[in-house]
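Chemist: Show me how the following folds:
(one chain, ligands or ions: 1)
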Amino acid sequence: MSSNQLAQLRPLERKSGVPLYYQIQQRLIGQIRSGEYRPGEPLPSLQELAARLGVSQMTARQAVRALCEQGLMYSKQGKGTFVSSFKHERNFRQVLSFTEEMRMRGSTPSSRVLSFRVEAPNRDVRTALEIGPGQKVFRLRRIRYSDGRPMGIECSCLPQDICPDLMETFDPSTSLYRQLAERYGIQMEVTDEVVEVGKATAADAMLLKVATGSPIFLFTRTCYGENGKPLEYVKSMYRGDRYKIVQRLTRGRHDVLGASIKG
Ligand code: GLP
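Modeler: Okay, the predicted model is just below:
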């Protein structure tokens, strides 16, 4: 990364309530995605990054470490940190939003909102989100498209108290995770997920534009925040003919290949 690229980094918004390390991370991701710098290019040193953005080196390090964990960058001992190749980015078993995942795969995401409301959750949702019977949730059901073609249907439930004015502040056809991060400082850190295989019912098939009975992936996810609090319970179905699951399994604690995965 040249000093010119470093100079392009937008200043941080200090009053927004969004953690500084996260803002740095988002700016660097933006630069990678826009092709402003290429796979294999080195990142400036933490000192330079910290000085340019007016943050401590610890904050800069936190941002860079998070990007390495996501596979967007990698460190070489004694040589510095580099931008990963796009293959590295295709590890979509990370906790990614639909929008991020589709962009990383080179497609354009969009959504059609089927419903968005506040409701009293059923028992499964209460149990997953660890909330009491009196508490309400936001329930958002959307068809998610990739390059204008249906990829899946997602139904997310979030405790109302983590983002009480979500109905007023959020355009549900845009990225939910981006809104949660930018407006409420909420990050999904860990996800428990169960994957099953099913067949599209007539109603789902119509929305997904497949034949009734077509194979679909069924995902049940609970996402947790930094402090281990459950923040989202999601049931989704993805078209078996369009979606694939790619994962790297390791035997030890360390992944000897760094972040790369070929999907
Ligand atoms: C993924 C997750 C969902 C989450 C969604 C948010 O698809 N499986 O749990 O709700 O991302 O995506 P976006 O931020 O694009 O709205």
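Chemist: which element is Gly152 on?
Modeler: Gly152 belongs to strand 149-159 when assigned by DSSP states H and E.
Chemist: do the same with Val125
Modeler: helix 123-129.
Chemist: ok, whichever helix or strand comes after that helix: who's next to it in the sheet?
Modeler: The first helix or strand that comes after helix 123-129 along the chain, using DSSP H and E, is strand 137-146. When pairing is defined by DSSP bridges, strand 137-146 lines up against strand 109-119 (antiparallel), strand 149-159 (antiparallel).
Chemist: Take these and write them to JSON lines, including distance to the ligand.
Modeler: For glycine as for every other residue, the C-beta is placed from the backbone atoms N, C-alpha and C. Below are these laid out as JSON lines (distance: least, C-beta to the nearest ligand atom, whole Å):
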{"stretch": "strand 109-119", "distance to the ligand": "6"}
{"stretch": "strand 149-159", "distance to the ligand": "4"}
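Chemist: Please work out which of the ones you listed is packed deepest.
Modeler: strand 149-159 (a mean of 20; mean count of other C-beta atoms under 10 Å).
Chemist: helices or strands next to the helix or strand following it in the packing?
Modeler: Using DSSP H and E, the helix or strand that follows strand 149-159 towards the C-terminus is helix 166-169. When contacts are defined as 3 or more C-beta pairs under 8 Å, 6 or more residues apart in numbering; DSSP states H and E, helix 166-169 packs onto helix 176-184.
Chemist: Next to the ligand, which bits of the stretch 51-200 of the chain? Give me the list.
Modeler: Neighbours of the ligand within the stretch 51-200 of the chain, by C-beta under 6 Å from any ligand atom: 97-99, 154, 156, 175-178.
Chemist: Filter those down to the buried ones.
Modeler: Using 16 or more other C-beta atoms under 10 Å as the burial test, those include 97-99, 154, 156, 175-177 as buried.
Chemist: Using JSON lines, lay out these together with distance to Gln187 and pLDDT.
Modeler: Formatted as JSON lines, those follow (distance: C-beta to C-beta, whole Å; pLDDT from 0 to 100):
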{"residue": "Ser97", "distance to Gln187": "11", "pLDDT": "92"}
{"residue": "Phe98", "distance to Gln187": "16", "pLDDT": "93"}
{"residue": "Thr99", "distance to Gln187": "15", "pLDDT": "92"}
{"residue": "Glu154", "distance to Gln187": "19", "pLDDT": "98"}
{"residue": "Ser156", "distance to Gln187": "15", "pLDDT": "98"}
{"residue": "Ser175", "distance to Gln187": "13", "pLDDT": "96"}
{"residue": "Leu176", "distance to Gln187": "12", "pLDDT": "97"}
{"residue": "Tyr177", "distance to Gln187": "8", "pLDDT": "95"}
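Chemist: which two of those residues lie the greatest distance from each other?
Modeler: Thr99 and Ser156 (13.3 Å; C-beta to C-beta).
Chemist: Can you pick out the most distant pair from the residues of the stretch 51-200 of the chain next to the ligand?
Modeler: Glu154 and Arg178 (15.1 Å).
Chemist: The helix or strand hosting Tyr238: how far from the chain's middle?
Modeler: Per DSSP H and E: Tyr238 is located in strand 230-239. Its chain's average C-alpha position is 13 Å from that of strand 230-239, according to C-alpha atoms, centre = their mean, to the nearest Å.
Chemist: Stretch 56-67 too?
Modeler: 19 Å.
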